[in-house]
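Student: got a predicted structure here, sequence first:
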Amino acid sequence: MNRWVRLGVAILLLAILLRVGLAIFVVGLRVVLALFPLLILVGAGFVVYGLYRNWRRRAIERSAPYELDD
């Protein structure tokens, strides 16, 4: 094989790999977009839970002056 054939084969392999990589990326993006509402709900749940724990700890610290382990 001369260098032009090798260059052509390399370009074809690169194009095939890019197409496969792009297809995998698109599938991953579709999965993330499908699960996006669930991710938002889980994130909001963690925020609310963290705020609840913080408020509860502050209320306990006001009633108990010594340091509490959380």
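Tutor: Done, it's in.
Student: can you tell me how far residue 30 is from residue 50?
Tutor: 31 Å (Cβ to Cβ, to the nearest Å). No exception for glycine: its C-beta is placed from N, CA and C like everyone else's.
Student: helix or strand: which one has the residue nearest to the spatial centre of the chain?
Tutor: The C-alpha lying nearest the average C-alpha coordinate of the chain belongs to residue 32 (Cα atoms, centre = their mean; 8.1 Å). Assigned by DSSP states H and E, residue 32 belongs to helix 3-63.
Student: ok, the residue nearest to the centre of the chain - contacts?
Tutor: Shown in contact with residue 32 (Cβ atoms under 8 Å, 6 or more residues apart in numbering): residue 39.
Student: tell me the pLDDT at it?
Tutor: Predicted confidence (pLDDT) for residue 32: 89.
Student: one more: residue 69?
Tutor: On the pLDDT scale, residue 69 gets 64.
Student: any regions of this structure where pLDDT drops low?
Tutor: Scanning the chain for pLDDT under 70 picks out 65-70.
Student: hmm, back to that, quick check: the residue nearest to the centre of the chain vs residue 26, distance?
Tutor: Distance, residue 32 to residue 26, by Cβ to Cβ: 11 Å.
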